[in-house]
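> model the structure of this input:
(one chain, ligands or ions: 1)
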Amino acid sequence: MIKTIQLGYADFNCTNLSRMADYYENVIGLTLVEEGDQGEKYLSSSLDHHNIVLRSSRESELSTLGFQIAETDSLENIQQFLAQAGIHSELKSDYQPGIRKLLELNDPDGYTIHLYHHIDMPAPGYKRDSISPFKLGHIALGSKKQQESVDFYREILGFLETDKIGNRAAFLTCNSDHHVLNISNFGHKIMHHIAFQLKDSSHHTLSADFLASKNIPLVWGPFRHTAGHNLASYHQDPELNLIELYTEMDQYIPELGYFEPRPYHSELPLRPREWPRNCKWYPKVERDIIDSVLQKVEFNNRLVSQIHD
Ligand SMILES: [Fe+2]
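You can find the predicted model right below:
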């Protein structure tokens, strides 16, 4: 059995690498730790060798998710466990900077998944002239195979399901955060958003002002979600990937089966549940956010048609 500890990194294909690197280094405030042989950029939020990887491509999309897993077993034995579950994986050594050994496999939607025990920790620290979030916190995936994907992350990677929003979105965690993955029934394989954790609610104000100074508008927020209760705002990176900045996410105690109590919880103790979609503000938020994800879908479709022309 695999025990996933945390989302370690997200690897993006980009059509304009320099523009994307400028955003992630100078707006989000990650630190460039290393450049690969093909010019790919390995960026750290504070400690690990990389949390975001950017590489030049004719496509613009999330390609790979890296998960750090507990050292309960060797990667060779984990490969056998995966094979018994009918999942092909490849053991790779010195495949990318910062990680000596990893297992590569695919999730049901076709995202490349990397599992690793150790990553170098150059610890470049936090910048002081940009947003500089605490960490890469979660990724929301629009899925063509939602239930299959949820089953994969639960049964193979050891995630727990916390909340649901109807049959549209499932929230999964591998640690105390309410969600590390959010898998929505989108009918399309598309990254819905990627989320960075801010320091506190006042950091939202500073971040919004900073984004405004860079002429980057907010898509929505800051506002408090239902599932997870994270105080969140959304904007887009230069290639229209939706970026969430959040703080105050619910903290789950799996042994007790409830979330740490908060004054804004509608019931105490608050346990994993299914949330309705009929809150007054939800349809508008959902429409604005989905519109921005659909902009990204159109952006990618234009790229695909350019590649085939
Ligand atoms: Fe989110």
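
> how long is stretch 15-27 end to end?
In stretch 15-27, first residue to last residue: 19 Å (CA to CA, to the nearest Å).

> is the residue in the stretch 51-200 of the chain that the ion sits nearest to bridged to anything, and to what?
Taking CB to the ion as the measure, the stretch 51-200 of the chain has residue 195 as its residue closest to the ion, at 4.4 Å. Just so you know, the C-beta spots here come from the backbone N, C-alpha and C atoms, and that holds for glycine as well. Beta bridges link residue 195 to residue 138, residue 244, judged by DSSP bridges.

> list the residues that contact it.
Neighbour list for residue 195: 136, 137, 138, 139, 140, 230, 232, 243, 244, 245, 246 [criterion: CB atoms under 8 Å, 6 or more residues apart in numbering].

> just checking, the second one touches residue 196?
Which is residue 137. Yes - using CB atoms under 8 Å as the test, residue 137 is close enough to residue 196 to be in contact (6.2 Å).

> now list whatever residues contact both of these two.
With CB under 8 Å, 6+ apart, residue 137 and residue 196 have common neighbours residue 246.

> shaky segments in the stretch 201-309 of the chain?
Residues of the stretch 201-309 of the chain meeting the criterion pLDDT under 70: 277-284, 286.

> what does stretch 85-104 rub up against?
For stretch 85-104, contacts defined as CB under 8 Å, 6+ apart pick out 33-34, 36, 42, 48-50, 53, 66, 75-76, 78-79, 82-83, 105-106, 112-120, 155-156.

> meant to ask about stretch 252-271
Contact with stretch 252-271 is made by 160, 162, 173, 176, 177, 178, 224, 229, 248, 250, 251, 272, as judged by CB under 8 Å, 6+ apart.

> what two of the residues you listed are the furthest from one another?
160 and 224 (22.6 Å; CB to CB).

> run the chain-centre distance for stretch 169-187.
9 Å (CA atoms, centre = their mean, to the nearest Å).

> my bad, should have said stretch 232-252
Offset of stretch 232-252 from its chain centre (CA atoms, centre = their mean): 9 Å.

> again, but for stretch 289-299
In this view, stretch 289-299 has its centroid 17 Å away from the chain centroid, taken as CA atoms, centre = their mean.

> thinking again about what came up before, the contacts of stretch 85-104 in helices, which ones?
Mapping the contacts of stretch 85-104 onto helices (DSSP state H) picks out 75, 76, 78, 79, 82, 83, 155.

> can you list the buried residues in the longest helix along the chain?
In the chain, with assignment by DSSP H, the single longest helix is helix 282-308. By 16 or more other CB atoms under 10 Å, the buried positions in helix 282-308 come out as 285, 286, 289, 290, 292, 293, 296, 297, 299, 300, 303.

> wait, does that helix contact the ion?
No - using CB under 5 Å from the ion, we find that helix 282-308 stays clear of the ion, coming within 9.6 Å at best.

> from residue 140, how far out is the residue of the stretch 51-200 of the chain closest to the ion?
Between residue 195 and residue 140 the distance is 7 Å, computed by CB to CB, to the nearest Å.

> okay, and the common contacts of those two?
Shared contacts of residue 195 and residue 140, defined by CB under 8 Å, 6+ apart, comprise residue 244.

> quick one: mean pLDDT over the longest strand along the chain.
Among the segments of the chain that qualify as a strand by DSSP state E, the longest is strand 4-14. The pLDDT scores in strand 4-14 average 98.

> for whichever helix or strand comes after that strand, packing partners?
Using DSSP states H and E, the helix or strand that directly follows strand 4-14 along the chain is helix 17-23. Judged by 3 or more CB pairs under 8 Å, 6 or more residues apart in numbering; DSSP states H and E, the packing partners of helix 17-23 are strand 41-44, strand 52-56.

> name the residues that touch the first one?
So that's strand 41-44. 17, 21, 24-25, 30-36, 49-55, 96-98, 122, 124.
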